[in-house]
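Peer 1: dropping the sequence and predicted coords here.
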Amino acid sequence: MLSIVITVLIAFFGTSLFGYTVHRSLHQKWTGFLNKKHMNHHLIQYPHTDYVSDTYRDAGKDNTVFIFMAASVPLVAFPIILGILGIMSLSCIIIAEVIMLTMGFLHNYIHDAFHIRNHFLNKIPLFVKWNELHYQHHINMQANFGIFLFHWDSVFKTLYK
């Protein structure tokens with residue numbers, strides 16, 4: 001039972017730290033063309049002056065979701081490797097994978113929902129709070145790198161309210 005609790009915590013915090021780190025990196029000039037692709041979302045598709053639309057404006061070839069997916073391969077593979085080495089049980093591998101994949105899906109879905117006018121989630125107060133924090137990210141692109149989890153922004157002093 002303790003191993004399951006530890007697995008849940010590590011998978012949750014590890015995945016959220018991964019998302020924070022990749023997103024923050026995409027806002028740094030040293031990431032080159034990846035930064036340019038991501039800036040398409042901030043400066044062209046959803047500048048803070050035109051933050052929402054009736055349907056989500058897809059970035060097409062500049063979509064950075066694929067960058068997150070490619071970068072996450074080692075993260076997703078890690079529990080499997082630990083299982084092959086006999087360090088992690090099958091049940092813990094499954095739990096870790098489900099948590100990581102669910103969080104990846106939620107990050108993408110919730111992020112897109114922020115930018116859709118009259119999305120049904122806007123009726124949920126917690127979603128509205130997250131959306132306000134994400135909107136602040138579109139105003140100040142060096143803050144609020146969490147999509148809906150902002151604990152790493154607090155830790156690394158990038159939270160802007």
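Peer 2: Arrived safely, thanks for sending.
Peer 1: tell me the pLDDT at residue 148?
Peer 2: Reading off the confidence values, residue 148 has pLDDT 89.
Peer 1: equivalent analysis for residue 19, please.
Peer 2: 94.
Peer 1: touching, it and residue 105? I think so.
Peer 2: No. With contact defined as CB atoms under 8 Å, residue 19 does not reach residue 105; the gap is 11.8 Å. All C-beta atoms are positioned from the backbone trio N, CA, C, and that covers glycine.
Peer 1: who has more neighbours out of the two?
Peer 2: residue 19 (23 against 10; other CB atoms under 10 Å).
Peer 1: buried ones in the helix-or-strand element of the chain with minimal mean pLDDT, by neighbour count?
Peer 2: Sorting the helices and strands of the chain by mean pLDDT, DSSP states H and E puts helix 65-84 at the bottom, at a mean of 89. Burial within helix 65-84, assessed by neighbour count using 16 or more other CB atoms under 10 Å, is assigned to 67, 68, 71, 72, 75, 76, 78, 79, 83.
Peer 1: go on, stretch 110-129?
Peer 2: In stretch 110-129, counting by 16+ other CB under 10 Å, buried: 110, 111, 112, 113, 114, 115, 116, 119, 127.
Peer 1: rewinding a little: just the CA trace of the least confident helix or strand of the chain, in PDB.
Peer 2: Only the C-alpha atoms of helix 65-84 are listed here, as PDB (Å, rounded to 0.1, in the frame of the first residue of the first chain):
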ATOM      1  CA  VAL A  65       1.600  19.800 -27.900                       C
ATOM      2  CA  PHE A  66       3.700  17.500 -30.100                       C
ATOM      3  CA  ILE A  67       6.800  18.900 -28.400                       C
ATOM      4  CA  PHE A  68       5.400  18.000 -25.000                       C
ATOM      5  CA  MET A  69       4.500  14.500 -26.300                       C
ATOM      6  CA  ALA A  70       8.000  13.900 -27.700                       C
ATOM      7  CA  ALA A  71       9.700  15.200 -24.600                       C
ATOM      8  CA  SER A  72       7.500  13.100 -22.400                       C
ATOM      9  CA  VAL A  73       8.700   9.800 -23.900                       C
ATOM     10  CA  PRO A  74      11.500   9.300 -21.300                       C
ATOM     11  CA  LEU A  75       9.100  10.200 -18.500                       C
ATOM     12  CA  VAL A  76       6.500   7.700 -19.600                       C
ATOM     13  CA  ALA A  77       9.200   5.000 -20.300                       C
ATOM     14  CA  PHE A  78      10.800   5.400 -16.800                       C
ATOM     15  CA  PRO A  79       8.300   3.300 -14.800                       C
ATOM     16  CA  ILE A  80       8.400   0.600 -17.600                       C
ATOM     17  CA  ILE A  81      12.200   0.500 -17.300                       C
ATOM     18  CA  LEU A  82      12.000   0.200 -13.500                       C
ATOM     19  CA  GLY A  83       9.600  -2.700 -14.000                       C
ATOM     20  CA  ILE A  84      11.900  -4.400 -16.400                       C
END
